[in-house]
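Engineer: Take this sequence and fold it.
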Amino acid sequence: MGKKYFGTDGIRGKVGQHPITPDFVLKLGWAVGRVFAGKGSRNVLIGKDTRISGYMFESALEAGLSAAGVNTQMLGPMPTPGIAYLTRTFRAQTGIVISASHNPHHDNGIKFFSSEGYKLPDEIELAIEQQLDQPMSTVDSSSLGKASRIDDAAGRYIEFCKSTIPSHMDFSGSKIVVDCANGSTYHIAPHVFSELGAEVIPIGVTPDGLNINDNCGATEPETLQQKVLDYNADFGIALDGDGDRVVMVDHLGEIVDGDQILYIIAKSRLTSKTLHGPIIGTLMTNLGLEHSLTKIGVELKRAQVGDRHVMEMLSKHDSILGGENSGHIICSDRTTTGDGIISALQVMAEMFKSGSTLHELKDGMKKYPQSLVNIKVDRKTDLSQFEPIQKAKEAAERELNDNGRILLRASGTEPLIRVMVEGKDHSQVDDIANRLATVISQQLASNT
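Structural biologist: Coordinates of the predicted model:
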């Protein structure tokens, strides 16, 4: 049975357009309450990032949950992985995140965590959708849910992040720039790293509701690159708007992406003899990671794009480490979901242990040139139905001659078709990606 509203990461869209409207989110809160009412604690946590529409949707969810007889505990601005953690520690029935992650402020979304801190299973999402199709009702006034606020949420999560590396590690003498993307880590990440001894230069820590992910953070790390050079910092850390992604910058101002971070952590776990199972990447994972891991005797397996698919494969293969080149890294021996702060801490721990710079650590992995072109679309499109597109792809694959990869896919979180081409020659890769993008654009335009 297909889902009507839930995508790869909750329900997401443009604010004011169905389903990201106050009336729908009100009923969504009620539907969630109906599914969880009468189970366990009857408590639900709600957290959000810093985009302005979060206030509106927070109130709508609270009202809907109350009408269904479920209590809410409000966290305020809180990173997505922090909400997953607090959902577990407060023994809540579910944790609700109001966020569109790395998207701009005019988008928003609702995603959920189970009581164990994992994404909701399909059967629960389907049960919520079934309730959404029912007429809304209100429990008796004596059974209405109550709302309260958890005032020490940030402090609890800060301590948890610090606990994921050995207590003897002290980063005194390190100068780091931390870009919080004007998002939900603005009041958390600087404290985590400074309390571990580092000199922290924070940027992207003045959210105004509209500037989340705007020319800052993991999706646009150019400002961080320049700040690392300007301050002569040892390295930089860029998080995205909801804190589940991280990209790093070494002391030379060079980007260290999710694939390189995965390599560093994997090699560290291998050295400490705590690595088990393959590393889980995705269809977008750079060939360079696969080849570098093979050299040190570690297998890479590829999941479909999306953290849900990575997590499913981690569980299937009893693995502890996986992620995406975008910087969404899951260290399942430390936490239950992608966590930008915790992933950065694992890299810092390896720097401390090995005495190596970030540049030296990432230099162990040689990346293949990769070109990614995004094509905006106004509806879901099955590219396999377009014969000229498939023929162009086949011709390009022959041109690469088994020395690269081509991936055409629809984004699960944005209205985009992504064209990814990877190979040994940068100019060839760029040329093929642009040619394929042109063919796709022309075919889609002629089909409207």
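Engineer: Show me the helices in the stretch 1-150 of the chain, by range?
Structural biologist: 22-36, 53-67, 80-89, 122-132 (DSSP state H, counting those that start in this stretch).
Engineer: from those helices, which stretch is densest packed?
Structural biologist: Most buried of the helices of the stretch 1-150 of the chain, by mean neighbour count (mean count of other C-beta atoms under 10 Å): helix 80-89, with a mean of 26. Quick note: C-beta positions are derived from backbone N, CA and C, even for glycine.
Engineer: and it, what does it pack onto?
Structural biologist: Secondary-structure packing of helix 80-89 (3 or more C-beta pairs under 8 Å, 6 or more residues apart in numbering; DSSP states H and E): strand 43-48, strand 71-77, strand 94-98, strand 107-114, helix 153-162, helix 340-354.
Engineer: Which positions within the fifth one qualify as buried?
Structural biologist: Judged by neighbour count (16 or more other C-beta atoms under 10 Å), helix 153-162 contains these buried residues: 153-154, 157-158, 160-162.
Engineer: now, among these, which is nearest to residue 205?
Structural biologist: Checking the buried residues of helix 153-162 against residue 205 with C-beta to C-beta, the nearest one is residue 154 at 13.4 Å.
Engineer: Would you quantify the distance from that closest one to residue 244?
Structural biologist: 16 Å (C-beta to C-beta, to the nearest Å).
Engineer: between the helices of the stretch 1-150 of the chain, which gets nearest to residue 111?
Structural biologist: helix 80-89 (7.4 Å).
Engineer: on that earlier part again, need the helices of the stretch 1-150 of the chain in CSV (columns: distance to residue 202 and mean pLDDT).
Structural biologist: CSV is the format used below for those (distance: least, C-beta to C-beta, whole Å; pLDDT from 0 to 100):
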stretch, distance to residue 202, mean pLDDT
helix 22-36, 32, 97
helix 53-67, 21, 98
helix 80-89, 17, 98
helix 122-132, 37, 95
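Engineer: Looking at these, which is nearest to residue 10?
Structural biologist: Once these are compared by C-beta to C-beta, helix 122-132 is nearest, at 8.8 Å.
Engineer: list the helices and strands that closest one packs on?
Structural biologist: helix 22-36, strand 107-114.
Engineer: Any chance of JSON lines for these, columns distance to residue 402?
Structural biologist: Shown next, in JSON lines, are the helices and strands packed on helix 122-132 (distance: least, C-beta to C-beta, whole Å):
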{"stretch": "helix 22-36", "distance to residue 402": "48"}
{"stretch": "strand 107-114", "distance to residue 402": "39"}
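Engineer: Just name the shakiest helix or strand of the chain by mean pLDDT.
Structural biologist: strand 405-410 (a mean of 90; mean pLDDT, DSSP states H and E).
Engineer: can you tell me which of the helices of the stretch 1-150 of the chain comes nearest to residue 198?
Structural biologist: Using C-beta to C-beta, the nearest of the helices of the stretch 1-150 of the chain to residue 198 is helix 80-89, at 19.9 Å.
Engineer: Looking at the helices and strands packed on helix 122-132, spot the one closest to residue 407.
Structural biologist: Per C-beta to C-beta, nearest to residue 407 of the helices and strands packed on helix 122-132: strand 107-114, 24.0 Å.
Engineer: quick revisit: what comes up buried for the least confident helix or strand of the chain?
Structural biologist: Going by neighbour count (16+ other C-beta under 10 Å), the buried part of strand 405-410 is 405-406, 408, 410.
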